[in-house]
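Visitor: got a structure for you, letters missing:
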């Protein structure tokens, strides 16, 4: 039996908690919550409230979505004590701090999983297994609202198997149009195996698009992740074998079965390092 503790906004953690409650080996030990409960239809959880330090001591496993509540040294102490945790939001750590946590986790055999929701989509799973290299991968992600830097982290983590997380070259440019109330960001990554990745994201009026295209020798693919359409060489792809996997299940089972995680703190470290390089280029080369 694993004692599960919750740290952060419990409303945000609702889908993860509900999934964990369906796993027989999990017992919810308590919560250290922030946020309000004024919205209708709130998720209510009958679990005792503790301060963060006491909850950490009582828990074997933690779901965390407010890392501002946890100083870096406390995270290090948690890892040393084999307190496994799932980062459902992205901690504000630099690459060096991530690497230090990764080293401590390896020594203490602690599981640290980082949220990677798009990675588990059937289309992405198919691409991970079947893509041919070298390839050109193009991702388009546009929503009617402006996107923060977290969406770039999600998109790069999504491609960690299909493309990679350690590009040898990175370029970026950003354009904004106040009259159009729009913003366009273009990221270009080149990897050692010859694969190139282009990520376009932002706000383009009311455009709602999430698509992936890839081009390789004798393999042209298209995925519309909103409509659920997919094709390879103009023929529909059978996705029945690529059922969407749940992140919470993957996290808990990796602990119980002592299996390697899909998205580890090392992956996050590499992506953060890439995002930092990209951000500096976006700041420098933003179009006026």
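Guide: The structure has been received and is ready for your questions. Since the structure is predicted, the reported quantities are computational estimates derived from the model, not experimental observations. Residues are numbered from 1 along each chain as shown.
Visitor: CA atoms for contacts and neighbours, from now on please.
Guide: Noted.
Visitor: Dihedrals phi and psi, the closest residue to residue 192 other than its chain neighbours?
Guide: Among residues not flanking residue 192 along the chain, residue 168 sits closest, at 6.3 Å (Cα to Cα, 6 or more residues apart in numbering). Summarising the backbone geometry of residue 168 under the convention degrees, to the nearest 10, its torsions are phi -80, psi -20.
Visitor: Can you give me the neighbour number for residue 168?
Guide: Neighbouring residues of residue 168 were enumerated by other Cα atoms under 10 Å; the total is 12.
Visitor: isn't it right up against residue 194?
Guide: No - distance between residue 168 and residue 194: 10.0 Å, which falls outside the contact criterion (Cα atoms under 8 Å).
Visitor: secondary structure class for residue 167?
Guide: Following DSSP: H, G, I helix; E, B strand; the rest coil, residue 167 is assigned to coil.
Visitor: Let me fix that, I meant to ask about residue 173.
Guide: Three states are possible here, and by three-state DSSP the one that applies to residue 173 is strand.
Visitor: Give me the distance between it and residue 181.
Guide: 18 Å (Cα to Cα, to the nearest Å).
Visitor: Same question for residue 277.
Guide: When Cα to Cα is applied, the distance between residue 277 and residue 181 equals 26 Å.
Visitor: Residue 173 and residue 181 - which one has more neighbours?
Guide: Comparing residue 173 with residue 181 by other Cα under 10 Å, the one with more neighbours is residue 173, at 19 against 14.
Visitor: in the sheet, who's paired with that one?
Guide: residue 186 (DSSP bridges).
Visitor: surely residue 33 meets residue 7?
Guide: Yes - taking contacts as Cα under 8 Å, residue 33 lies within contact range of residue 7: 5.8 Å.
Visitor: Which one's more surrounded, these two?
Guide: The residue with more neighbours, out of residue 33 and residue 7 and counting by other Cα under 10 Å, is residue 7; that gives 24 against 17.
Visitor: so what secondary structure elements neighbour the helix or strand hosting residue 152?
Guide: When elements are assigned from DSSP states H and E, residue 152 belongs to helix 149-158. Using 3 or more Cα pairs under 8 Å, 6 or more residues apart in numbering; DSSP states H and E as the contact test, the elements touching helix 149-158 are helix 265-285.
Visitor: So which other helices or strands are in contact with the helix it packs on?
Guide: Counting by 3+ Cα pairs under 8 Å, 6+ apart, helix 265-285 packs on helix 95-108, strand 112-114, helix 149-158, strand 169-177.
Visitor: Using TSV, lay out the ones you listed together with mean pLDDT and distance to residue 48.
Guide: Formatted as TSV, the entries for the helices and strands packed on helix 265-285 read as follows, by pLDDT from 0 to 100; distance: least, Cα to Cα, whole Å:
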stretch	mean pLDDT	distance to residue 48
helix 95-108	95	28
strand 112-114	96	24
helix 149-158	95	31
strand 169-177	93	47
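Visitor: which of the ones you listed is buried the deepest?
Guide: Burial among those, expressed as mean neighbours by mean count of other Cα atoms under 10 Å, is greatest for strand 112-114, which shows a mean of 25.
Visitor: Name whatever forms a beta bridge with the nearest residue to residue 237 once chain neighbours are set aside.
Guide: Of all residues not flanking residue 237 in the chain, residue 231 sits nearest, at 5.2 Å (Cα to Cα, 6+ apart). Counting by DSSP bridges, residue 231 forms beta bridges with residue 222, residue 236.
Visitor: Thank you kindly, that will do.
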